[in-house]
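Trainee: Structure of the sequence below:
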Amino acid sequence: MKASHPAALGEALQDLDTPCLVLDREAFVRNHDRLMHSMKGLGVAVRPHAKSHKCPEIARHQIRNGAVGICCQKVSEAEAFADEGIENILVANEFFGQKKVHRYLALASRLSAIACCVDHPDQVAALSMAGEQSRIRLRLLVEIDVGQGRCGVQDLSDAVALASKIAQSPWLELAGIQGYHGSAQHFRSYSERLTAISSAADRIRTLHGELGRLGIDASWRTGGGTGSYAIEAKSGAYTEVQPGSYVFMDADYQRNQPAPDAQQPVFEHALYVAATVMSRPSIDRAVLDAGLKSFSVDSGLPVLDGPAGCTYVKASDEHGVVSTKHSSSLQLGDVLRVIPGHCDPTVNLYDHIVVMSEGRVVDVWPISARGRSC
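Mentor: Reported below is the predicted structural model:
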């Protein structure tokens, strides 16, 4: 059965059929404006990570307002955005296998600017062969591990060898280096984030210098996320940053200690799940219609945006239990705004974002890349 349209223009929060994903348009716009303002004069590009929102309308807004393009994490995500007219895409991840390579080649044949990451010689060989067979020259970035402990070449001498292999292929172009420290985005203290990213920047600088001495240009140096992008941008090692969650924010990011002296703006919550009180079984408990199938809880339970004295304390498949021990104001049928613990995987649970302004629905945006995980 086709998913129903979640809202009508002009509806108020209380009128929404829940659970549904809600975006505060003004907060969203302010978040993007704050980020772009914080980057002025640094000479560093902004390429927001679209895995956070999976929504072409948001990508268009970001690009219209200063972003150079977007990042995607999967080939299928890139396909969804390309189908909506987004031309400048970095697949900021590795992929392998004949089917993935052929799909990526199809994208490269129709987009004005696309690149992907590699961290192994076999990936390079497969892409070089595919490029030769299709007569398409492909742009690659060497990803190095800068502390995340996930993808990326571990030893910088191996990274130099990999970059040299790319540079030697007539069907490949070494576009640059990726060094993304995802774990550092959620280090709670600013000093922890600064230490981690300073180390990451050192590795980027070292590799860039080694390649330069060999006459290999790696002018595009990209990485950084919402929790640390200002550090990368001011380090002198990066030419581009990849924040994603800043447009929405979530309960987990709210736990980060802000940067001192306004070195990085504080973003506000713009994304919520609207949920209805469907049961009020006791004076100290209310139950919402939004549980595990409405939120990702990998970064903790969601947080209520009011009323005071109420706390989301437990989730099961279709139920969210709220403690009302310190408040008796909740009534059956009340619709609440609930802040996700982790915005990215929460967005992936929905087909649409209901856009609200001044308390009313003003638009509904499809999440076109929802479920694009291959």
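Trainee: tell me the domain ranges of this structure?
Mentor: Residue ranges for the domains of the chain, per automatic domain parsing: 13-21+267-366, 25-248.
Trainee: Turn those into CSV, including mean pLDDT and distance to Cys374.
Mentor: C-beta here means a position set from N, CA and C on the backbone, and glycine is covered the same way. Formatted as CSV, the domains of the chain follow (pLDDT from 0 to 100; distance: least, CB to CB, whole Å):
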stretch, mean pLDDT, distance to Cys374
domain 13-21+267-366, 96, 13
domain 25-248, 97, 5
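Trainee: how about those in CSV, adding mean neighbour count?
Mentor: Shown next, in CSV, are the domains of the chain (neighbours: other CB atoms under 10 Å):
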stretch, mean neighbour count
domain 13-21+267-366, 18
domain 25-248, 19
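Trainee: Out of these, flag the one nearest Arg255.
Mentor: For the domains of the chain, proximity to Arg255 was assessed by CB to CB; domain 25-248 is nearest, at 6.2 Å.
Trainee: Just say helix, strand or coil for Tyr208.
Mentor: That one is not Tyr; residue 208 is His. Under DSSP: H, G, I helix; E, B strand; the rest coil, His208 falls in the helix class.
Trainee: mind checking how far it is from Ala159?
Mentor: Applying CB to CB, to the nearest Å, the value for His208 to Ala159 is 10 Å.
Trainee: Need the domains of the chain in TSV (columns: distance to Pro258).
Mentor: Output for the domains of the chain, formatted as TSV (distance: least, CB to CB, whole Å):
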stretch	distance to Pro258
domain 13-21+267-366	10
domain 25-248	7
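Trainee: Give me the common contacts of His208 and Ala159.
Mentor: By the contact definition CB atoms under 8 Å, 6 or more residues apart in numbering, His208 and Ala159 are jointly contacted by Ile177.
Trainee: how about the helices in the stretch 201-350 of the chain?
Mentor: Using DSSP state H, counting those that start in this stretch, the helices of the stretch 201-350 of the chain run over residues 229-235, 251-254, 343-347.
Trainee: same check, this time on the stretch 1-150 of the chain
Mentor: If DSSP H, counting those that start in this stretch is used as the criterion, the helices of the stretch 1-150 of the chain fall at 25-38, 56-64, 75-83, 98-108, 121-134.
Trainee: what does the first one contact?
Mentor: Yep, that's helix 25-38 we're talking about. For helix 25-38, contacts defined as CB under 8 Å, 6+ apart pick out 46, 58, 61-62, 65-67, 229-230, 243, 246-249, 264-265, 267-271, 355-358, 362-363.
Trainee: Recalculate using a threshold of 6 Å.
Mentor: Residues outside helix 25-38 that contact it (CB atoms under 6 Å, 6 or more residues apart in numbering): Asn65, Gly66, Tyr246, Val247, Pro265, Phe267, Glu268, Ala270, Val355, Ser357.
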